[in-house]
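Peer 1: Following is a predicted model, sequence given first.
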Amino acid sequence: MEDKLENKKVLTVVRAIIIDQTGKILVTQNPDHKKHDAGLWCFPGGKVDHPETEVEAVVREILGEAGIVIQPTGFLMPTVNNKPAQQNLSAIITLYMVGEKIADSMADDGHDDKPDALLWLSPQKLIQLPLTTSARQVACQIIKIKNLVDLLKI
């Protein structure tokens, strides 16, 4: 039993709360073929690959998923899933960063797990979507903020 626990790892994921000048937030819909959270909406991002930093990972993931170049401006909050569906994991730690859209990119990076859809939504409309558990936790915090553009200053 102890050997099985020792072989399990913690997965670090980064996601970005990308806010445009009008205060709308970018969300992505998970592809239907995903094993976990298929069809649900979340904030764009993905896992951190060794040896990159969390900031490098979020910039890479957003460019790959959404074709957007971002400048991360700070960390918003973490979420922890202590009961991940993947058998080889003991936990998934998701770090939520705030990012400012710098530019669109037309480059195809070959990202093989692009979302089914992208939307820019107000927090009030965002909260109405079928969100992943982690995204809902963050969205519930975001909706309390009066001026979302202030998040870019954290």
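Peer 2: Good, I have the coordinates.
Peer 1: Distance from the chain centre to stretch 53-67, please.
Peer 2: 10 Å (Cα atoms, centre = their mean, to the nearest Å).
Peer 1: just the helices in this structure please.
Peer 2: Along the chain, counting by DSSP state H, helices occupy 2-6, 54-66, 123-126, 133-142.
Peer 1: among those, which gets the worst mean confidence?
Peer 2: The weakest mean pLDDT among the helices of the chain belongs to helix 2-6, with a mean of 43.
Peer 1: just to revisit the earlier point, show me the one of the helices of the chain that comes nearest residue 74.
Peer 2: With Cβ to Cβ, the closest approach to residue 74 among the helices of the chain belongs to helix 54-66: 10.2 Å. C-betas here are computed from N, CA, C, even on glycine.
Peer 1: which helices and strands sit right next to that closest one?
Peer 2: strand 9-19, strand 25-29, strand 45-47, strand 68-81, strand 89-104 (3 or more Cβ pairs under 8 Å, 6 or more residues apart in numbering; DSSP states H and E).
Peer 1: List the buried residues in it.
Peer 2: Buried positions in helix 54-66, judged by neighbour count with 16 or more other Cβ atoms under 10 Å: 54, 55, 57, 58, 59, 60, 61, 62, 63, 64, 65, 66.
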